[in-house]
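S.K.: Task: produce atomic coordinates for the following.
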Amino acid sequence: MQKKWLETFKVSIIEKDFAKIERLLEEMPEIKSINDLRTSVALINEAKKLLAHEQSILRENMAKIQKSKQFLSQNAEEERFSESC
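M.R.: Sure, this is the predicted structure:
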């Protein structure tokens, strides 16, 4: 079970399948082998890095969207003002 779990976890990290990573962490089996335990820790750390990177990208994209929204809102107000004059 642990070997299959480890392989599935590796694949989910490669595929950046965050839903699957979360599910696998919730279903993590008891790991008895020290080598498998080390591998698991390394994979979990890699998943954390991947998630942090994706969160950073999402934060940047949200900031860009917010700036665009503010720009469009200002532009629309200026057009309404110029039409009313």
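S.K.: Let me know how buried residue 50 is, in neighbour terms.
M.R.: Neighbourhood size, residue 50 [other C-beta atoms under 10 Å]: 16. For glycine as for every other residue, the C-beta is placed from the backbone atoms N, C-alpha and C.
S.K.: what kind of secondary structure is it in?
M.R.: helix (DSSP: H, G, I helix; E, B strand; the rest coil).
S.K.: for residue 36, same thing?
M.R.: helix.
S.K.: Count the residues that sit near it.
M.R.: Using other C-beta under 10 Å, residue 36 is surrounded by 15 other residues.
S.K.: do you know how far it is from residue 58?
M.R.: In this structure, residue 36 lies at 32 Å from residue 58, with C-beta to C-beta, to the nearest Å as the measure.
S.K.: Which neighbouring elements make contact with the host helix or strand of residue 24?
M.R.: Counting by DSSP states H and E, the element that carries residue 24 is helix 18-26. The contact analysis (3 or more C-beta pairs under 8 Å, 6 or more residues apart in numbering; DSSP states H and E) places helix 18-26 against helix 2-14, helix 34-84.
S.K.: Counting neighbours, which bits of the first one end up buried?
M.R.: Under the neighbour-count criterion of 16 or more other C-beta atoms under 10 Å, helix 2-14 has 2, 5, 6, 8, 9, 12, 13 buried.
S.K.: would a markdown table of those residues with pLDDT and distance to residue 40 be doable?
M.R.: Formatted as a markdown table, the buried residues of helix 2-14 follow (pLDDT from 0 to 100; distance: C-beta to C-beta, whole Å):
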| residue | pLDDT | distance to residue 40 |
| --- | --- | --- |
| 2 | 83 | 8 |
| 5 | 94 | 8 |
| 6 | 94 | 7 |
| 8 | 97 | 12 |
| 9 | 96 | 8 |
| 12 | 97 | 13 |
| 13 | 96 | 12 |
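S.K.: could you redo the residues you listed as JSON lines and give each row distance to residue 21?
M.R.: Formatted as JSON lines, those follow (distance: C-beta to C-beta, whole Å):
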{"residue": "2", "distance to residue 21": "17"}
{"residue": "5", "distance to residue 21": "12"}
{"residue": "6", "distance to residue 21": "13"}
{"residue": "8", "distance to residue 21": "10"}
{"residue": "9", "distance to residue 21": "7"}
{"residue": "12", "distance to residue 21": "5"}
{"residue": "13", "distance to residue 21": "7"}
